[in-house]
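Participant: okay, sequence plus prediction incoming.
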Amino acid sequence: MTISPPSDFASTAEQPRWQRYFGFSTDHKVIGLQYLVCGFLFYFIGGALAGALRTELLTPISDFMPREVYNELLTLHGTVMIFLWIVPVVNGAFGNYLIPFYVGARDMAYPRLNAVAFWMIPPAGVLLISSYFLGGASQSGWTAYPPLSLNTAATGQVIWILSVLLLGGSSIFGAINFVGTILKMRRPGLQMMQLPMYCWAMLGTSILVLLSTPVLAGTLVLLSFDIVAHTGFFNPAMGGNAVVYQHLFWFYSHPAVYIMVLPAFGLVSEILPVHARKPLFGYTTMVYSIMAIVFLGLIVWAHHMFTSGTPPWMRLFFTIATSFIAVPTGIKFFNWLATLWGGSISLNSAVMFSCGFIVNFVFGGITGIALAQVPFDIHVHDTYFVVGHFHYIVYGGTVFVIFASIYHWYPKVMGRLLNEPLGQLHFWLTFIGLNLCFAPQHWLGLNGMPRRVAEYDPQFQFINQISSVGALLMAVSTLPFLINVIWSAYRGTVAGDNPWNALTPEWLTSSPPPEENWHGEAPLVHEPYGYGLKSPVSS
Amino acid sequence: MPIPPRILTLLIGTALVLVGLWVGQNVNLLPVDASVNAPLYDELFKVLFSIGTTLFIGIVGMVLYSLTRFRRRSDTAGEVLAVEGNLPLEILWTAIPAVVVLFVGIYSFDIYDRMGGMVPMHDHSMASMQTAQEPEEKTWAGISPASVEGEPPATAVPIEVTAMQFAFIFHYPEADIISGELHVPAGQPVSLRMTANDVIHAFWVPEFRLKQDIIPGQPTLLSFTATRPGRYPIVCAELCGAYHGGMRSTVIVEEPEDFANWVAQNSPVKATPTSSAVIS
């Protein structure tokens, strides 16, 4: 069987291939790729914004751009990276592509809602970016704390709110679809405890989205009233309370961290067993850990507010709750180590990025446990220590997993393998760049550099320059990746249907898959990680 | 003679803990300590750094060992043992992080208590500042005064701080001094009553290991005792607008007699018995 991705893709489609990707397709595979490509476009925009910020920080004085523009760019950088890159890709892209395969369905539960959810993202993104050209973007950071968000750049702030509301709506629609698909679309005979781990991760994530995103939406509507209608919900000058906003904002935005990392945990759990040729260690404890993280993730938000006049009892409660997230998270990491232990590990790019994720996330997790301690946080809160910490989590953690997943599933989608040497080059450039960029920032924070500043104490210049060099390396690292993805689509080694000899259901059909996923009945996979088992793992 | 695996694990574990302890005790990543809080903070930092180093080296070591030892040599996947779980092992690595975070939590609570974090918000040092004109006003405390043990509690020096875009203004109510820099005596508690005029700012002195947001509509009390004479930066740590990065000031910690001289030279009011009692 010769596979030429362009023609094969179109074979069962009613439209030419390229048109489907720009239209209102209800095919979950098309929608997944729409999320992925759209996410990557915004990733490059967000990365260019980061490059501008790091260029400004090469010198201690504000000389590269006006200070107002610096604040606009840092707001756009944070918002784009969170709401238009990581959340849509790690949930929408992989979730839509994989979940119907994993439950043995032909599509998601609500295909039209699915298309609506995707098509809310490009306009929201364009709207957000356009605010920069329509009199200036929001200058209050992605947190939009009042009263600053009430006092500066009203147009930009209102556009920011509209855009985030659209993106939050898209996220809620997606979550409804995942819950419906995982609970109700399973192939007959497939038990919940036989599902691949990514399904559990997406179920947990979707619960978090459904419980917390509406709170953010309501809060932002009130904030927009304060700006447009001059109400006083959060405006102290009118009897409002600025701290209430912070509670409501973080009630979503801390779970948002888990909305960004739980799917990544799920994807790594799919990748490691395949390439280590071993069952996923401790399936049951992995499931319970996900649910424990979901529960704890909802009751830790005030650790972002330890310096906001938070009373002592609240500081203590949130310290303890936050610290205990380390327990279920630790279980997951030890289980991945045990999955690797004694395996037959192929050191390909997918595994390298997965292991890079483990190393980076452990580092970010350790600084996270330190940050959870009130007396520790009181010194480093709102400094570059925190900037370093959360980039280790979202970039070193989730973005590494996104890349690992692309190396792993590219042959599924395209029928061809990605080039391995280019992948290794991509990994090492990204890994070194990340650590060079973000590790020194911890020192900056400990020694007195606050975050979100365009100018700083000259004694920090050298360390900031090292950090900027790391950022440059991360920018360069996308080149081998882009070349690889484009070149391999036409010239890559033909993969065959199942190049990794994987047992999870998406590999038990042709690569790329047919329109409705299966050539006949969907297979019943009751041991998705049954590597080395003598009994049959599917029927 | 081959070493049994259990003994080897124990030896490696012990070595890791020792390395962690050594690194934690010898690491020097923090600026100079200049308040009563700071040595407590540095003690906590050393303990956290030791634990973090042990865990990080241990886990990264396991990843690197697995990738080299269990690397697939040929193209064909070899037969491996299908291990799907191990309950005692899973209980062990649930227990390890649980014990570690319990220890860290209790220890950091102890540090927080010694910093004065658990002192009720309305104590003697604040009573003097709660004037009758604003009885309904809410106050929100940061870390409360940490009095040096064994000494009688000294009266705190009251200072009013106003934060605005993009400056801090310090007002000494007793001596009626308005200053752009904060002068404080070494070894004596200082009580800041902080208000913000426009947006949220934060008062941060890295050498004091102390930070408190200043939120409009919520006058906030923050107490500390400086120990080491010198000049240290005051940094605004909450995004407050275009010139946020330039919103800086200086705290000047002086010997008590130098501080008294500074007050005497700058005060427009004659020294009264109450104000001299406060600063002596």
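Facilitator: Done, it's in.

Participant: tell me, how many residues neighbour residue B:254?
Facilitator: Here the number of neighbours of residue B:254 (other Cβ atoms under 10 Å in any protein chain shown) works out to 18. Glycine gets a C-beta too; all of them are placed from N, C-alpha and C.

Participant: correction: residue B:87
Facilitator: 10.

Participant: got a pLDDT number for it?
Facilitator: What the model reports for residue B:87 is a pLDDT of 86.

Participant: which phi and psi does it have?
Facilitator: phi -60, psi -50 (degrees, to the nearest 10).

Participant: please list the residues of the stretch 151-280 of chain B that sit near chain A.
Facilitator: Contact residues, the stretch 151-280 of chain B versus chain A (Cβ under 8 Å from any Cβ of the partner chain): B:198-200, B:202, B:204, B:206, B:209-213, B:215-218, B:220, B:233, B:235-246, B:248.

Participant: ok, the residue in the stretch 201-350 of chain A positioned nearest to chain B - contacts?
Facilitator: Among all residues of the stretch 201-350 of chain A, residue A:236 sits closest to chain B, at 2.9 Å; criterion: Cβ to the nearest Cβ. Going by Cβ atoms under 8 Å, 6 or more residues apart in numbering or on different chains, residue A:236 touches A:147, A:242, B:215-218.

Participant: one more time with 10 Å, if that's ok
Facilitator: Residue A:236 makes contact with A:146-147, A:150, A:242-243, B:196, B:198-200, B:215-218, according to Cβ atoms under 10 Å, 6 or more residues apart in numbering or on different chains.

Participant: likewise residue A:191?
Facilitator: residue A:526.

Participant: look up how far residue A:202 lies from it.
Facilitator: Distance, residue A:191 to residue A:202, using Cβ to Cβ, to the nearest Å: 17 Å.

Participant: what's the answer for residue A:427, then?
Facilitator: Distance from residue A:427 to residue A:202, by Cβ to Cβ: 26 Å.

Participant: more crowded one of those two?
Facilitator: A direct count of neighbours by other Cβ under 10 Å for residue A:427 and residue A:202 places residue A:202 higher, at 30 against 25.

Participant: low-scoring stretches of chain B, by residue?
Facilitator: Applying pLDDT under 70 to chain B flags the ranges B:1, B:75-79, B:118-154, B:270-280.

Participant: helices along that one, start to end?
Facilitator: Residue ranges of the helices in chain B, as given by DSSP state H, are B:5-26, B:37-69, B:87-114, B:124-127, B:256-266, B:273-279.

Participant: could you say which of those helices is packed most deeply?
Facilitator: Of all the helices of chain B, helix B:37-69 has the most neighbours on average by mean count of other Cβ atoms under 10 Å in any protein chain shown, namely a mean of 18.

Participant: where does the residue of the stretch 201-350 of chain A closest to chain B land on pLDDT?
Facilitator: 92.

Participant: which residue packs closest to it, ignoring adjacent ones?
Facilitator: residue B:217 (2.9 Å; Cβ to Cβ, 6 or more residues apart in numbering or on different chains).

Participant: so what's the one you found up against?
Facilitator: Residue B:217 neighbours (Cβ under 10 Å, 6+ apart): A:147, A:235-243, B:137-138, B:195-196.
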